[in-house]
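> only geometry, no sequence info:
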């Protein structure tokens, strides 16, 4: 859910369902998951090629902040 929120907040029309995320868990690391996903399905126009690594880093940091906030609010149980 935190990836999807970060995507939405950045105007990226992307939503990973449980099945897709489960498959992406085979790839270690959030930045690597996003990269693997978009290498497979095509990159969103909101992430131009020349800025991909910076945008992936930014999205990952944002996703982590969202995830921690959701935990603090009790919306995601601790693993």
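That came through, no problem. All values reported here derive from a predicted model rather than from experimental measurement.

> Now the most centrally placed residue in the chain. Nearest residue, chain neighbours left out?
Taking Cα atoms, centre = their mean as the criterion, residue 3 is the residue nearest the geometric centre of the chain, at 3.4 Å. Leaving aside its sequence neighbours, residue 3 sits nearest to residue 63 (Cβ to Cβ, 6 or more residues apart in numbering; 5.3 Å). Any C-beta I mention is one placed from the backbone N, CA and C, and that applies to glycine too.

> Tell me the secondary structure of residue 28, please.
At residue 28 the chain is in coil, as set by DSSP: H, G, I helix; E, B strand; the rest coil.

> any idea how far it lies from residue 10?
23 Å (Cβ to Cβ, to the nearest Å).

> between those two, which one's more packed in?
residue 10 (15 against 9; other Cβ atoms under 10 Å).

> Report pLDDT for that one.
pLDDT for residue 10: 97.

> pretty sure the residue nearest to residue 3 is in contact with residue 1, am I right?
No - using Cβ atoms under 8 Å, residue 63 makes no contact with residue 1, being 9.8 Å away.

> So for the two, which residue has more residues nearby?
More neighbours surround residue 63 than the other of residue 63 and residue 1, with 22 against 15 (other Cβ under 10 Å).

> can you pull the buried residues of the helix or strand hosting that one?
Take DSSP states H and E as the rule and residue 63 turns out to sit in helix 52-72. Of the residues in helix 52-72, 55-56, 59-60, 62-63, 66-67 count as buried by neighbour count, 16 or more other Cβ atoms under 10 Å.

> for stretch 15-24, same thing?
In stretch 15-24, counting by 16+ other Cβ under 10 Å, buried: 16, 24.

> I'd like the distance from that stretch to the chain centre, please.
Relative to its chain's centre, stretch 15-24 lies at 11 Å (Cα atoms, centre = their mean, to the nearest Å).

> what's the answer for stretch 50-69, then?
Distance, stretch centre to chain centre, for stretch 50-69: 7 Å (Cα atoms, centre = their mean).

> which residues are contacting that stretch?
2-3, 5-7, 9-10, 30-31, 34-35, 43, 47, 76 (Cβ atoms under 8 Å, 6 or more residues apart in numbering).
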